[in-house]
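Asks: quick check, what structure comes out for this input:
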Amino acid sequence: MRTRLRSTYASMLTGVVMLVLSLVTAPAQAQFGGLRRAVERKVEQSGEDRMNAANLIAPTFDNTTVEITAERLDRYVAAMQRQKVQVAQNRQRYDAMQAEAASLREAAVKADNRRDRETYDRATYSYGECRGIAREAAEAEYEREMEEFRARIQRDPVAAQKDPKMKEMFALLQQSARAYQSGDTASIARTQQRLNALMDVKNDSASLDRLALPKCGARPAKPRSIIVKDSLEVRSTQLSREASALLESSGGVPGADVGMSNLQSRMVWERLQSWLNGVQKDAPITRTFTKAEYDLLLSRRGDMRKAFSGS
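Replies: Okay, the predicted model is just below:
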């Protein structure tokens with residue numbers, strides 16, 4: 001028994017040695033090239049075997065799913081090749097724009113002046129408090145006028161309805177009530193603006209600034225350092241957003257580029273991807289192809305790979 005094991009071990013060792021010697025004597029590139037070709041042949045043969053064995057279920061061609069013909073495949077592959085070039089260009093632009101955005105952010109940090117910012121913040125806070133008092137006074141005046149309006153109607157409804165200003169105010173209040181009931185926010189805003197104008201209510205920003213001017217002074221002006229910093233940050237954010245948009249893609253190509261509708265083009269994309277995944281990744285191949293479509297895709301396999309995978 002021990003002699004037999006030694007003999008078997010010696011045979012295995014001899015085989016390993018011969019294999020190593022054969023690999024050493026062959027050029028390395030040829031070895032790896034041969035190995036790669038063998039793997040590719042195995043994968044492609046596996047894909048072809050599964051395709052040949054598949055029971056094809058012909059799809060229903062309609063306004064959504066169109067037949068993959070040679071002409072349509074040519075247009076689609078060409079569009080994908082153009083898209084690849086555009087994607088590469090977009091990537092270069094993305095990198096450049098992001099680099100510029102980073103440079104702008106650095107410039108914004110350098111432009112920031114802590115002393116200016118703290119002084120401006122304190123002045124803005126004080127102004128806001130003073131202006132808030134003016135706003136409260138304006139709102140109190142509005143409430144006072146509304147109370148007076150209601151009291152006049154209660155005292156003498158007939159006389160109140162004859163007053164042109166009161167009639168207009170009453171009509172606006174009715175419109176506002178209807179707008180609130182229907183949830184029409186645009187109508188609510190319009191009627192409120194007309195009521196404010198009719199009653200000389202000053203609650204917009206510019207009017208409140210003018211109202212607060214005697215007691216609060218003018219609104220604090222931004223220092224130049226803050227203006228420059230804010231401008232740089234806005235431009236940086238805009239560049240980053242535009243750069244990110246360059247890389248956004250939903251897959252496939254627009255229908256106009258291939259003589260189809262967007263929905264048809266998207267469906268072609270999904271079917272081609274399904275077929276390629278089955279061939280290249282040893283995944284289950286969908287069977288919703290006609291025999292003619294299968295044969296066409298098989299014959300154009302190399303073109304499709306270059307267009308879709310970039311290889």
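Asks: where's the closest residue to residue 258 other than its chain neighbours relative to residue 300, distance?
Replies: Distances taken as CB to CB, 6 or more residues apart in numbering place residue 75 nearest to residue 258, at 4.5 Å, with adjacent residues excluded. Where C-beta positions appear, they are placed from N, C-alpha and C, glycine not excepted. Noted for residue 75: a distance of 12 Å to residue 300, by CB to CB, to the nearest Å.
Asks: same deal with residue 206?
Replies: 67 Å.
Asks: now swap in residue 231 and tell me
Replies: 53 Å.
Asks: returning to that earlier point: so the residue nearest to residue 258 touches residue 254, yeah?
Replies: No - here residue 75 lies out of contact with residue 254, judged by CB atoms under 8 Å, at a distance of 11.9 Å.
Asks: out of those two, which sits in the busier spot?
Replies: residue 75 (18 against 14; other CB atoms under 10 Å).
Asks: quick one: residues contacting that one.
Replies: 257, 258, 259 (CB atoms under 8 Å, 6 or more residues apart in numbering).
Asks: for residue 252, grab the count of nearby residues.
Replies: Neighbour tally, residue 252, other CB under 10 Å: 21.
Asks: oh, I was asking about residue 207
Replies: 16.
Asks: please, which helix or strand holds it?
Replies: Using DSSP states H and E, residue 207 falls within helix 205-216.
Asks: CA-only coordinates of that helix in CSV, if you can.
Replies: Extracted as CSV, the C-alpha positions of helix 205-216 are listed here (Å, rounded to 0.1, in the frame of the first residue of the first chain):
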residue,chain,number,x,y,z
SER,A,205,-39.9,94.8,3.3
ALA,A,206,-39.2,98.1,1.5
SER,A,207,-42.1,99.8,3.3
LEU,A,208,-41.0,98.5,6.7
ASP,A,209,-37.5,99.8,6.0
ARG,A,210,-38.9,103.3,5.3
LEU,A,211,-41.2,103.1,8.3
ALA,A,212,-38.3,102.1,10.6
LEU,A,213,-35.9,104.7,9.2
PRO,A,214,-36.7,107.5,11.6
LYS,A,215,-36.0,105.4,14.7
CYS,A,216,-33.7,102.6,13.4
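Asks: run through who's touching it.
Replies: So helix 205-216 is in contact with 127, 130, 131, 133, 134, 135, 137, 138, 202, 218, 219, going by CB under 8 Å, 6+ apart.
Asks: state the distance from the nearest residue to residue 246 once chain neighbours are set aside to residue 57.
Replies: Using CB to CB, 6+ apart and skipping the chain neighbours, the partner closest in space to residue 246 is residue 90 (4.1 Å). Here the distance between residue 90 and residue 57 works out to 38 Å (CB to CB).
Asks: go on, residue 168?
Replies: Counting by CB to CB, the gap from residue 168 to residue 57 is 73 Å.
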